[in-house]
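Engineer: Dropping a prediction and its sequence here:
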Amino acid sequence: MSVVTAFFYLFSFVAIASSVMVISSRNPVHSVLFLILAFVNAAGLFLILGAEFLAMILVIVYVGAVAVLFLFVVMMLDVNFAELRQGFLQYLPIGALIAGIFLLELLLVLGTWSIAPHLIATPATAAFTPPDISNTRAIGRVLYTKYLFYFQISGFILLTAMIGAIVLTLRHKSGVRRQNVMAQNARSRKTAIEVKQVTSGQGV
């Protein structure tokens, strides 16, 4: 077994184990931490496949921004998770059905799977990327030509989700003075300045 194959099995095992812990952990903070671990190991798999750009994007964007944002949201929001788990039994049949379908798909995949270390050792991008084009440039060509419409749609979906998260978590406290930008921009000289005639030798 080569070193590349050993790292492939290591990253795969840790990624699968951390993914299971994401959905089985009782503490939501621990779930987010296991999610970060799954992202890091997925980035390692991308490096083995020769897609170094996707690996760095996965670490920088998902681990550095999305997963940390999830962690802060979970820590800041006062969510009663014990109350959310009370309705677990009524959704158990649907969850068992979906889990059975996923298990059947995994068995079908594993039934046709064969160990091929020579395919793992060879970068997957070598067969698709010309030698004079970098991995980043090849992904950009495909992303902004063939999949441009889907890329824009995903951007709008993420923007909508971000606005929705801000609206749902925004809470105004009473008695706190806040800045009103529109009122400040609408001020004129008459409303902003008050001229007083001060007699010589007296104060205002």
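Structural biologist: On my side now, so go ahead.
Engineer: Tell me which helix or strand in the chain has the weakest average pLDDT.
Structural biologist: Lowest by mean pLDDT, DSSP states H and E among the helices and strands of the chain is helix 117-121, with a mean of 53.
Engineer: List the contacts of the residue most central in space within the chain.
Structural biologist: Taking Cα atoms, centre = their mean, the centroid of the chain lies closest to residue 66, which sits 3.6 Å from it. Contacts for residue 66 (Cβ atoms under 8 Å, 6 or more residues apart in numbering) come out as none. Backbone N, C-alpha and C define where each C-beta goes, glycine included.
Engineer: distance between whichever strand or helix holds residue 100 and the chain's centre?
Structural biologist: Following DSSP states H and E, one finds residue 100 within helix 92-111. Helix 92-111 sits 25 Å away from the centroid of its parent chain (Cα atoms, centre = their mean, to the nearest Å).
Engineer: pLDDT averaged over that helix - what is it?
Structural biologist: Mean per-residue pLDDT for helix 92-111: 80.
Engineer: repeat for stretch 138-155
Structural biologist: In the prediction, stretch 138-155 has an average pLDDT of 85.
Engineer: end to end, how far does that stretch reach?
Structural biologist: Using Cα to Cα, to the nearest Å, the end-to-end distance of stretch 138-155 comes to 20 Å.
Engineer: Check the gap between residue 99 and residue 14 for me.
Structural biologist: Taking Cβ to Cβ, to the nearest Å as the measure, residue 99 falls 22 Å from residue 14.
Engineer: How many residues are close by residue 71?
Structural biologist: Neighbour count of residue 71, defined by other Cβ atoms under 10 Å: 17.
Engineer: same check, this time on residue 28
Structural biologist: So residue 28, with other Cβ under 10 Å, has 18 neighbours.
Engineer: Chain neighbours aside, what residue packs nearest to it?
Structural biologist: Excluding its sequence neighbours, the residue lying closest to residue 28 (Cβ to Cβ, 6 or more residues apart in numbering) is residue 74, at 4.7 Å.
Engineer: in which helix or strand would I find the one you found?
Structural biologist: Short version, using DSSP H and E: residue 74 is in helix 68-76.
Engineer: Do you know the pLDDT at residue 159?
Structural biologist: We have a pLDDT of 91 for residue 159.
Engineer: Show me where this protein has its helices.
Structural biologist: For the chain, the helices defined by DSSP state H occupy 3-24, 28-49, 52-57, 68-76, 81-84, 92-111, 117-121, 135-143, 148-169, 181-185, 189-192.
Engineer: With distance to residue 200 as extra columns, can I get those in CSV?
Structural biologist: Shown next, in CSV, are these (distance: least, Cβ to Cβ, whole Å):
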stretch, distance to residue 200
helix 3-24, 77
helix 28-49, 68
helix 52-57, 71
helix 68-76, 58
helix 81-84, 71
helix 92-111, 85
helix 117-121, 92
helix 135-143, 73
helix 148-169, 55
helix 181-185, 35
helix 189-192, 26
